[in-house]
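Sequence and predicted structure are below.
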Amino acid sequence: MKSNFKCYVEKILQQTECRNEEKEDIREELLIHLELSKEELLREGMNEKEAELEAIERFGSEVEIGYQLQQSIFPYRKELMLTLSVTSFVFSISVYLLSLSVEGEAHVGWLVLSMFVHSLILLISLNQVAQFNRRRWMNSILVTHIITYLYGYTIVSSIDHPAFLPFAILSWMNILLALFLVYRTTIYELDLQSEMVKEAKWLHLINLVLGVIVTSVILFNLWIGMWLFGGYHPFMLLLTIPFILWILLYFLQMRLLKKHKRSAFVIAIISILMNAFILIYIYFPF
């Protein structure tokens, strides 16, 4: 059975994303600090159980400490997440009202979904839901945010209004910021051996660059599609296929890296070639 100190430290570490070696160092430092505090309280006359509980009480909330540790591992994450959340709220509400006033179309479903995702990002930045600090939760929310933003871009592209350009620029900035956060969140692979960390960073970097290129081309094609069709058309959903392929192959690479490192890099090359072929076919059809 784990001691009070070990349970307390594990709750703190559950909220941090870093490599196993770094976690072990943090775990050891926290336990040493708690033991020293306990010894001091024992000398003051407390029994062992009381000294443990008082040492934990003096150390502070595990949620707050875990959050501070995560901030030291990933500086400015809170500020970046807050920026992403606030600008996303402004974008979604503004585009909804603009579409409603100019074209009379109410994209209620998109607004509700986007506001929900933006709210989750806000809660993460304010550390209100500690469980969402986990890498998979964070990345899932950020990828969903990118997808809703891509759809929001198709909405604003169909509106003939001078506000299109600033909203388009805001879309690109927020998508790039979300991609950066995905990269920065996944750069620490907790279940990878230390010698694989370098390879993992290379794969993340390759996929981040590819994701930026794919997303930029999709946004441009969606804008062209809106212009050609005079608005949204179901055929335009096909333009998102490269983005979906990129996400799936990115996930597959990271799953393979632990046991089949060479296969992971082969998949990365296939992802690059596949997206390059699709883009060449779009712009230079045979």
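Alright, I've got the coordinates.

C-alpha only now, for contacts and for neighbours.
Fine.

Residue 25: how many residues sit nearby?
10 (other Cα atoms under 10 Å).

any weak-confidence spans in the stretch 151-286 of the chain?
186-197, 223, 226-227, 229-236, 282-286 (pLDDT under 70).

mind listing the helices for it?
With DSSP state H, counting those that start in this stretch applied, the stretch 151-286 of the chain shows helices at 164-186, 197-229, 241-257, 261-283, listed in chain order.

mind putting those helices in JSON lines, distance to residue 122 included?
Below are these laid out as JSON lines (distance: least, Cα to Cα, whole Å):
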{"stretch": "helix 164-186", "distance to residue 122": "13"}
{"stretch": "helix 197-229", "distance to residue 122": "23"}
{"stretch": "helix 241-257", "distance to residue 122": "24"}
{"stretch": "helix 261-283", "distance to residue 122": "32"}
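
Including mean neighbour count, could those helices go into CSV?
Written out in CSV, the entries for these read as follows (neighbours: other Cα atoms under 10 Å):
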stretch, mean neighbour count
helix 164-186, 18
helix 197-229, 18
helix 241-257, 17
helix 261-283, 15
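
how about those, which one is nearest residue 60?
The closest of the helices of the stretch 151-286 of the chain to residue 60 is helix 164-186. By Cα to Cα, the value is 25.6 Å.

Show which residue of this protein lies farthest from the average position.
Centroid-distance maximum for the chain: residue 45 at 48.5 Å, with Cα atoms, centre = their mean.

Check what pLDDT that one gets.
pLDDT recorded at residue 45 is 82.

Can you pull the domain assignment for the protein?
4-67, 76-283 (automatic domain parsing).

Pull the distance from the shortest one to the chain's centre.
The offset between the C-alpha centroid of domain 4-67 and the centroid of the whole chain comes to 29 Å, using Cα atoms, centre = their mean, to the nearest Å.
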